[in-house]
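S.K.: Build me a model:
(chains A, B, C, D, E and F)
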There are 6 protein chains.
Amino acid sequence: MQDTITAIERCRKPVIAAIHGACIGGGIDIITACDVRYCTESAFFSVKEVDLGITADLGTLQRLPSIVGYGKAVELALSARRFSGSEAKELGLVSRVFGSKDAMDEGVQAIAEEIAAKSPLAVTGTKAVLLRSRDLTVVQGLDYIATWNSGMLLSDDLVEARAAQSQKRAPSFSKL
Amino acid sequence: MQDTITAIERCRKPVIAAIHGACIGGGIDIITACDVRYCTESAFFSVKEVDLGITADLGTLQRLPSIVGYGKAVELALSARRFSGSEAKELGLVSRVFGSKDAMDEGVQAIAEEIAAKSPLAVTGTKAVLLRSRDLTVVQGLDYIATWNSGMLLSDDLVEARAAQSQKRAPSFSKL
Amino acid sequence: MQDTITAIERCRKPVIAAIHGACIGGGIDIITACDVRYCTESAFFSVKEVDLGITADLGTLQRLPSIVGYGKAVELALSARRFSGSEAKELGLVSRVFGSKDAMDEGVQAIAEEIAAKSPLAVTGTKAVLLRSRDLTVVQGLDYIATWNSGMLLSDDLVEARAAQSQKRAPSFSKL
Amino acid sequence: MQDTITAIERCRKPVIAAIHGACIGGGIDIITACDVRYCTESAFFSVKEVDLGITADLGTLQRLPSIVGYGKAVELALSARRFSGSEAKELGLVSRVFGSKDAMDEGVQAIAEEIAAKSPLAVTGTKAVLLRSRDLTVVQGLDYIATWNSGMLLSDDLVEARAAQSQKRAPSFSKL
Amino acid sequence: MQDTITAIERCRKPVIAAIHGACIGGGIDIITACDVRYCTESAFFSVKEVDLGITADLGTLQRLPSIVGYGKAVELALSARRFSGSEAKELGLVSRVFGSKDAMDEGVQAIAEEIAAKSPLAVTGTKAVLLRSRDLTVVQGLDYIATWNSGMLLSDDLVEARAAQSQKRAPSFSKL
Amino acid sequence: MQDTITAIERCRKPVIAAIHGACIGGGIDIITACDVRYCTESAFFSVKEVDLGITADLGTLQRLPSIVGYGKAVELALSARRFSGSEAKELGLVSRVFGSKDAMDEGVQAIAEEIAAKSPLAVTGTKAVLLRSRDLTVVQGLDYIATWNSGMLLSDDLVEARAAQSQKRAPSFSKL
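M.R.: Predicted coordinates for the structure are as follows:
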């Protein structure tokens, strides 16, 4: 079960969570393994496991602290209390709160398209390097990105990005 | 002296800090070793050590960054500036600000009772796993909780939590 | 190039960033290596690298997550979106937003003077210990500061700080 | 390809390598992922990758140093030199050298049967805890084994091992 | 129980194990927490826990690999086989094998006296820094020893060591 | 001073130590930062610092344990005892002992030429990846080498190595 959820994190492409309604227990495990999170005003959340007599074991206790901070994660996990979409924004769990499900669907679709139009190499590299750096010292993380880019910097995407910029047009990247 | 404060962190049960009045220097060492923090509006805080000509050495510099973020911790520790209860909330240092000491005493008592009524195994497990995961990679933390739960999942608490839920009554757990 | 930016972090004295106008790409690399960050209301920011077809490799992906939290850092780095000074404050990237460049220059000058008037040993120790602890477990970080202070606690700064306090005068420390 | 070899390490049961003839390049990747290694006198070994113009990438550079020591691993990997079964024993790469393939087959079969007759819980626990501890601090590793055993100590295997010992008979354990 | 054994490791002074006769199970836990190990020819050893149906949990699985190498530790722990004093030397578990208990008692006494005559600051510093460095990256370990020595280098022991050397006499250090 | 010695380790090309005569204190710091070590029969060694009243601070305490094992490093550093070239070989500190300085000069020259004739990309990659992996978990090290090779695998060196092998000639690589 852990692997199923970690698969979201391992997916080379960014994964965006758009949350509406209840996001409880396993829902928190899933959204914390996503790269970016959005929700509606009527969404609500709870790290519910203690109320079920168990210790959350699918990733919430590992990933939530790096997203909202250790102290907030402890409070949410020990109390299992319900919190709203706007508190989720305040806690740093979601990046934006939309007024309705329609607004969110439209907004998130636009964000997804915007990211999808960017250089695939740059986008997958950014996701990969952020993930690896999370578990490395800063010195090790700097070395990792230098190694990563030594294989990537000569890519066509960089050339195309520069050409598009100087020609004031949208860049067009080939798929990975 | 470090061990005295770390003992709060090592206590199997969650420790809640209810802060009223001045929380200065060693006070910050203590509350950052607690699991959850609440304060009154008139509480005030300062990471005061640099003003005493010393480098804080009882845990603030190790624990505050994971609670409020590295950048904010640096600013508070270098400036030693005083900040209010409501800024403490904004910084993520406390989870809630109460209007008066009486309101806080009552509110925190209620929260403590609520947590105490939950499955002791789930509560102590959640605290323990969050603490260990703070210093592990995500892969290691996921393996740790899987190991933890392999010893715990068959507990009576899980059965009682499910029974209580289906019978729509409050669960009653045995002590650890 | 990484070393140039890491030099800011390695500087024994605190480095304060005062940000006005555009802070884009390499600008984010630089300010995240500083110890404290302030900006004006009209400052704006962007982790721009993905738009250039590259993966940021001068420190943003390593240092931004510990400052604003992992989730927010991912969102900013994948979207490359522009954000304002006040959002930078809300994200935890800057510690204070000033109404104008003049107000910021004056305010930051005052903060810098205040920190400069403190015990140099305590200030450089606080910076050094926070930096090392960022990449250590809490147990290791506590041992590190104990070792640090075993060499520092008998310093004249501590004596001067106490004398000044009891004599209700400003302390006067010798340079390092 | 890395996952294929790491699967040996992840296998809950111990995996024994019995090496005869050439063990070159990928062969070293495989045997270093095994738990125990034996070879014949006529076996020979080489960390061959540099001679093929590549950097070994299936695990040798990660696992060989912890088996033979960092210095010896560097020397073997940079020189790609061929070494004999008896040097492999001296280097600590194999645990025993047999005079012939027949002697090895018989000897390793006996060892495998001996391990297979032991408590499955104890054997898989020992492998798992050694593997996890390799990548943890000693403090973290001690906490890990304590957590592991809190779920395992009440097992029937312990009871059976004690009973067999006091009755001076071979224990008989149930399968996992 | 773990703490009892870890106390040997935490003792500021070096602890020497002199092993005669059987060193089995818990005996291995104890000697791997010591700083230096010697034995007699007739000493014998076994990591016995799997034969008792349990996973060793007092430190052997955490400390033995760094002493004898990971591969040898796995083989010893999975097989629980008995090995002699001279194999212990070959494995790197002990530093020297003595012909008899009397010879060992005399020899170890001499070694202990020799170490005790050295600068206490240097001896306890060497033990402490080796222990901390075991769980740090090399970069972190180098920084740690630099911090350690910044508090120690001006000690009287250094002056006395130099004076004694130039005067060709044995140094005489004050106790810690 | 630490940086001077670490520069040996950071050098992209392998550095070989050929040791004749006394290798004491700082000498051990230097040779443990080298990649491969050879010595003559009359060479002798001592981790001498405790005899000078100081704790070694230029790398011996950080690098020696990974080369000879933790237990042996502790014994050598606490006793400061002198050991011979052949014991250095037995301890794993050197890879080979030569009968005379002339034999060593000739032998090491031959080894250096042999390594220099190999693919520069493969040789520098092997050194770099071994160094990084020393301070990473195995999972992280495997990911690092995969990233490293994604930038390197299409190099001309690989093609040349294969061509030379099939044409049974010595390969000829271009310089880095």
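S.K.: The nearest residue to residue A:101 once chain neighbours are set aside: neighbour count?
M.R.: Ranked by C-beta to C-beta, 6 or more residues apart in numbering or on different chains and with sequence neighbours excluded, the top spatial neighbour of residue A:101 is residue A:20, at 4.8 Å. No exception for glycine: its C-beta is placed from N, CA and C like everyone else's. Using other C-beta atoms under 10 Å in any protein chain shown, residue A:20 has 17 other residues around it.
S.K.: Also residue A:67?
M.R.: Residue A:67: 22 neighbours (other C-beta under 10 Å).
S.K.: in what helix or strand does it lie?
M.R.: According to DSSP states H and E, residue A:67 maps onto helix A:60-68.
S.K.: next SSE after that helix?
M.R.: Once helix A:60-68 ends, the next helix or strand along the chain (criterion: DSSP H and E) is helix A:70-79.
S.K.: ok, the residue nearest to residue A:101 - contacts?
M.R.: With contact set as C-beta atoms under 8 Å, 6 or more residues apart in numbering or on different chains, residue A:20 has these partners: A:39, A:40, A:42, A:43, A:101, A:104.
S.K.: again, only this time at 7 Å
M.R.: A:39, A:40, A:43, A:101, A:104 (C-beta atoms under 7 Å, 6 or more residues apart in numbering or on different chains).
S.K.: can you give me the helices in chain A?
M.R.: For chain A, the helices defined by DSSP state H cover A:2-10, A:26-33, A:60-68, A:70-79, A:85-91, A:101-116, A:120-134, A:138-152, A:156-166.
S.K.: Mean pLDDT added to the ones you listed, as JSON lines?
M.R.: Below are those laid out as JSON lines (pLDDT from 0 to 100):
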{"stretch": "helix A:2-10", "mean pLDDT": "96"}
{"stretch": "helix A:26-33", "mean pLDDT": "98"}
{"stretch": "helix A:60-68", "mean pLDDT": "97"}
{"stretch": "helix A:70-79", "mean pLDDT": "98"}
{"stretch": "helix A:85-91", "mean pLDDT": "97"}
{"stretch": "helix A:101-116", "mean pLDDT": "97"}
{"stretch": "helix A:120-134", "mean pLDDT": "95"}
{"stretch": "helix A:138-152", "mean pLDDT": "90"}
{"stretch": "helix A:156-166", "mean pLDDT": "86"}
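S.K.: Now do the phi/psi pair for the residue positioned nearest the centre of chain A.
M.R.: In chain A, the residue lying closest to the centroid (C-alpha atoms, centre = their mean) is residue A:35, at 1.3 Å. When quoted as degrees, to the nearest 10, the phi and psi of residue A:35 stand at phi -90, psi -40.
S.K.: That one contacts residue A:127, correct?
M.R.: Yes: counting by C-beta atoms under 7 Å, residue A:35 does reach residue A:127; the two are 6.1 Å apart.
S.K.: Quick check: neighbours shared by those two?
M.R.: When contacts are counted by C-beta under 7 Å, 6+ apart, residue A:35 and residue A:127 have A:14, C:78 as shared neighbours.
S.K.: Tell me the buried residues in stretch A:148-160?
M.R.: Neighbour counts over stretch A:148-160 (16 or more other C-beta atoms under 10 Å in any protein chain shown) mark A:148, A:149, A:151, A:152, A:155, A:157, A:158, A:160 as buried.
S.K.: The nearest residue to residue A:29 once chain neighbours are set aside - how many residues pack around it?
M.R.: Spatial nearest neighbour of residue A:29, excluding adjacent residues (C-beta to C-beta, 6+ apart): residue A:58 at 3.8 Å. Neighbour count for residue A:58, taken as other C-beta under 10 Å: 24.
S.K.: wait, what's in contact with residue A:58?
M.R.: A:1, A:2, A:5, A:26, A:29.
S.K.: One more: residue A:44?
M.R.: Counting by C-beta under 7 Å, 6+ apart, residue A:44 makes contact with A:22, A:82, A:83, A:84.
S.K.: One more: residue A:91?
M.R.: A:68, A:72.
S.K.: what's the spacing between residue A:74 and chain B?
M.R.: Residue A:74 sits 5 Å away from chain B, taking C-beta to the nearest C-beta, to the nearest Å as the criterion.
S.K.: for residue A:14, same thing?
M.R.: Residue A:14 sits 17 Å away from chain B, going by C-beta to the nearest C-beta.
S.K.: from what I can see that residue touches residue A:114, true?
M.R.: No: judged on C-beta under 7 Å, residue A:14 makes no contact with residue A:114 at a distance of 11.2 Å.
S.K.: more neighbours, these two?
M.R.: residue A:14 (21 against 13).
S.K.: What pLDDT is listed against that one?
M.R.: With respect to pLDDT, residue A:14 scores 98.
S.K.: Leaving out the residues flanking it, which one is nearest to it?
M.R.: residue A:35 (4.3 Å).
S.K.: and the end-to-end length of stretch A:27-45?
M.R.: Stretch A:27-45 has its terminal residues 8 Å apart, counting by C-alpha to C-alpha, to the nearest Å.
S.K.: In TSV: the buried residues of stretch A:148-160, plus distance to residue D:53.
M.R.: Below are the buried residues of stretch A:148-160 laid out as TSV (distance: C-beta to C-beta, whole Å):
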residue	distance to residue D:53
A:148	22
A:149	22
A:151	16
A:152	21
A:155	23
A:157	27
A:158	27
A:160	31
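S.K.: Contact residues of chain A facing chain F?
M.R.: Residues of chain A lying close to chain F by C-beta under 7 Å from any C-beta of the partner chain are A:132, A:135, A:140, A:143, A:144, A:147, A:148, A:150, A:151.
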